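Chemist: I need the structure of the sequence given here:
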Amino acid sequence: MTRNGACEDAGPAPAAPTMPLVDYRPGLDGLRAIAVALVLAFHLDHLPGGILGVDAFFVVSGWLITWKLLGEIEHGGSVRLRRFWASRARRLLPASLLVLAVVAVVWPLADIVVSGLRRDLLWAMAWAANWGTITAGGDYWARFGNPSPLNHFWSLAIEEQFYLVWPLVLVFATRWRARVRVVVGSIAAVGSIASIAYMIESFDPLSPTNTYMNTGARAH
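Modeler: Below you'll find the model as predicted:
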């Protein structure tokens, strides 16, 4: 009741802001370009710290996918897993399969001897190239011999493993839809702490490949 005796209806409480549905953010292209430049400089032996470009890729991918899936939950109430996985496959499979096909045909014809190339092809096709190298006792940093042309599929494998598991975590978090951001943030924080602890515990300066390529050590 106002001073004039008129009755005013209280309007509905403002809804909590929701995250927009996005698949692409132009501002991230600059970060990707910097990451590419860092990695290239590292492999050309011009910038020892350029290896951090790989970490930058992981951070950008993780942030963008989490933002996209949270927006999907807040707008639609759930994560459409089949649609998400299909979109990732359409984005990554064509180029990946082309590279694998070229390697499978060209390397034998060129008579380039690479130990375990067939094994590497199978692990790469299973999106588990990192685990293939680890289980075979491979050394990513080896400077001698003919390196596998598929060595760098390890980072793509970790990214695909993330795309497989993380959406399932968010589906679990939808049980608390009203607080889904808090739940997801808490899970991410606990997972990051566990990942860092594992990375520190498992690191071997004489054989760093396991820690460098291990999905668990990279999850943070």
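Chemist: care to break the protein down by domain?
Modeler: Per automatic domain parsing, the structural domains of the chain span 20-77, 90-218.
Chemist: any chance of those in a markdown table, with mean pLDDT too?
Modeler: Formatted as a markdown table, the domains of the chain follow (pLDDT from 0 to 100):
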| stretch | mean pLDDT |
| --- | --- |
| domain 20-77 | 80 |
| domain 90-218 | 88 |
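Chemist: To Phe84, which of these lies closest?
Modeler: Smallest distance to Phe84 across the domains of the chain (Cβ to Cβ): 5.6 Å, for domain 90-218. In this view, the C-beta of every residue, glycine as well, is placed from N, C-alpha and C.
Chemist: Over to that closest one now: how far is its first residue from its last?
Modeler: Domain 90-218 has its terminal residues 25 Å apart, counting by Cα to Cα, to the nearest Å.
Chemist: longest helix in this structure, by residue count?
Modeler: As assigned by DSSP state H, the longest helix anywhere in the chain is helix 81-109.
Chemist: if we can go back for a sec, dump the domains of the chain to CSV, plus mean neighbour count.
Modeler: Output for the domains of the chain, formatted as CSV (neighbours: other Cβ atoms under 10 Å):
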stretch, mean neighbour count
domain 20-77, 14
domain 90-218, 15
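Chemist: Mind putting the ones you listed into CSV with distance to Arg83?
Modeler: Output for the domains of the chain, formatted as CSV (distance: least, Cβ to Cβ, whole Å):
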stretch, distance to Arg83
domain 20-77, 9
domain 90-218, 10
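Chemist: Many thanks, I have nothing further to ask.
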